[in-house]
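Chemist: Sequence below, structure please.
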Amino acid sequence: MTTRRKFIQHSLLTSGSLLAYNQIDAGIKNNPIVISTWDFGKAANAEAWKILLRKGRALDAVEAGVKIPEADPTNQSVGYGGLPDRDGRVTLDACIMDEKYNCGSVMCLEHIMHPISVARLVMEKTPHVVLTGDGALQFALANGFEKINLLTPESEKAWKEWLQSSRYEPVMNIENKKTNDPSPMPGGPLNHDTIGMVALDANGNMSGACTTSGMAFKMHGRVGDSPIIGAGLYVDNEVGAATSTGVGEEVIRIVGSHLVVELMRQGLKPAAACKKAVERIIRRNPVQAKKVQVGFLALNNKGEYGAYALQKGFTFSVKSGKEERVYEAKSIY
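Modeler: Residues are numbered from 1 along each chain as shown. Below you'll find the predicted structure:
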């Protein structure tokens, strides 16, 4: 007979850090917590936790947290080292939002290591919410940011190999593949994604951040959901916060993160709210939904969290005073 202890031990994946996620919202009430998308969110969470542990502001924590993958050249889905567009240009998108509905965003920003920090300055120093392209770069340089080359040799090599076929077929869950893994489709691009992070601080306030280098080999000027308030990220201190990952066009069409927050306002737990948003994507276009990946991640103001995805493979990271884990979200397919 299988004992309860053996059952629990069997449920743990061999990695020791990736746990089967059973959609139990296991947040800790009235204590700081930070959650983020994908396995690489674990390192980002650790940085954010340094601020939360000192009873710092959630806004400072999420900015500091996502700066970790932004500066990691081995992460081809975010910031420096991100895979370029089809013209070989690395363009970055980011947004940030605090507990008072203040928000800032940059889109198609080039040559800047930390677009999330530029987005915060847009929020704090301008009357605007969004700056794009050359205007965003001009603003960043005027505020002391250094202009650098974001295209690493590894990403440039991947781009030149892609040019041989110029096929554009996004690969699902590439975030969990090693950067030197071959594409599962001959001549196909290594698609990539984003880090979305939301946090609850010791004062009971919430903030969120989202940053990405966007779809690999996208058309120049393409913007996904990540820098769009309400799509890739939304924070409502009275309810909770949500972020998303995957094919941004699908998230934008349903204003996904805002939808998740509103569903939580109606009384749904985070995981259930994320599932409802995923189901809306399917209802809109069932055929397309089977071909792409979208995942939602949410945290309510009680510290309860949850996630859901279209396809298997979406992972998210959690850090609180009682746990530091990577979970795999449940999925429809």
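Chemist: most residues in a single helix of this protein, which one?
Modeler: Assignment by DSSP state H gives helix 270-284 as the longest helix of the chain.
Chemist: Please pull out the lowest mean pLDDT helix or strand from this structure.
Modeler: None of the helices or strands of the chain scores lower by mean pLDDT, DSSP states H and E than helix 4-11, at a mean of 40.
Chemist: State the distance from T74 to G82.
Modeler: Taking CB to CB, to the nearest Å as the measure, T74 falls 11 Å from G82. All C-beta spots, glycine's among them, are computed from the backbone N, C-alpha and C.
Chemist: try Q266
Modeler: The gap separating Q266 from G82 is 37 Å, by CB to CB.
Chemist: still on that earlier bit, more neighbours: which of T74 and G82?
Modeler: For the pair T74 and G82, the greater number of neighbours falls to G82 (27 against 13), based on other CB atoms under 10 Å.
Chemist: in stretch 324-333, what counts as buried?
Modeler: Residues of stretch 324-333 classed as buried by neighbour count (16 or more other CB atoms under 10 Å): 325-332.
Chemist: Stretch 31-51 too?
Modeler: Per 16+ other CB under 10 Å, stretch 31-51 contains these buried residues: 32-45, 47-49, 51.
Chemist: Which of those residues fall in strands?
Modeler: Using DSSP state E, the members of the buried residues of stretch 31-51 that fall within strands are 33-37.
Chemist: as a whole number, average confidence for stretch 266-273?
Modeler: Model confidence over stretch 266-273, given as mean pLDDT, is 98.
Chemist: Residues contacting that stretch, please?
Modeler: 23, 25, 240, 242, 260-261, 263-264, 276, 296, 298-300, 304-308, 330 (CB atoms under 8 Å, 6 or more residues apart in numbering).
Chemist: Check the offset of that stretch from the chain's centre.
Modeler: In terms of CA atoms, centre = their mean, to the nearest Å, the centre of stretch 266-273 is found 19 Å from the chain centre.
Chemist: and Y305, how far is that from S36?
Modeler: In this view, Y305 and S36 are 11 Å apart by CB to CB.
Chemist: Please apply the same query to K125.
Modeler: Separation of K125 from S36 (CB to CB): 26 Å.
Chemist: swap in G214?
Modeler: G214 is 18 Å from S36, where distance means CB to CB.
Chemist: A43: what's it in contact with?
Modeler: Counting by CB under 8 Å, 6+ apart, A43 touches 68-69.
Chemist: In helices only, show me the contacts of stretch 266-273.
Modeler: Those of the contacts of stretch 266-273 lying in helices (DSSP H): 260-261, 263-264, 276.
Chemist: picking that back up, find residues that contact each of Y305 and S36.
Modeler: L297.
Chemist: Show me where the stretch 101-250 of the chain has its helices.
Modeler: Remark: helices assigned in the stretch 101-250 of the chain by DSSP state H, counting those that start in this stretch are 115-125, 133-142, 153-163, 248-254.
Chemist: Which elements pack onto the first one?
Modeler: Counting by 3 or more CB pairs under 8 Å, 6 or more residues apart in numbering; DSSP states H and E, the packing neighbours recorded for helix 115-125 are helix 58-70, strand 92-97, strand 103-109, strand 130-132, helix 133-142, strand 206-212.
Chemist: Give me the mean pLDDT for the last one.
Modeler: Read it as strand 206-212. Here the average pLDDT along strand 206-212 is 98.
Chemist: Likewise for stretch 305-314?
Modeler: Averaging the model's pLDDT scores along stretch 305-314 yields 96.
Chemist: From the opening residue of that stretch to its closing one, how far?
Modeler: End-to-end distance of stretch 305-314 (CA to CA, to the nearest Å): 15 Å.
Chemist: tell me which residues of it are tucked away?
Modeler: Using 16+ other CB under 10 Å as the burial criterion, the residues of stretch 305-314 that qualify are 305-311, 313-314.
Chemist: In TSV: those residues, plus distance to D193.
Modeler: What follows is the buried residues of stretch 305-314, written out as TSV (distance: CB to CB, whole Å):
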residue	distance to D193
Y305	19
G306	19
A307	14
Y308	16
A309	12
L310	13
Q311	13
G313	11
F314	10
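Chemist: Tell me which two of these sit farthest apart.
Modeler: Pairwise distances across these (CB to CB) peak at 20.2 Å, for the pair Y305 and Q311.
Chemist: Can you give me the distance of A272 to G79?
Modeler: Note on A272: its distance to G79, by CB to CB, is 33 Å.
Chemist: Between the two, which is the more surrounded one?
Modeler: A side-by-side neighbour count of A272 and G79, using other CB under 10 Å, places G79 first with 28 against 18.
Chemist: Nearest residue to that one in space, ignoring adjacent ones along the chain?
Modeler: The shortest distance from G79 to any non-neighbouring residue, by CB to CB, 6 or more residues apart in numbering, is to E70 (3.4 Å).
Chemist: wait, isn't the one you found in contact with G82?
Modeler: No - E70 lies out of contact with G82 (CB atoms under 8 Å); the separation is 9.1 Å.
Chemist: residue contacts, E238?
Modeler: Taking CB under 8 Å, 6+ apart as the contact definition, E238 lies against 265, 301.
Chemist: which stretches of this protein have low pLDDT?
Modeler: Where the chain drops to pLDDT under 70, the residues are 1-30, 167-192.
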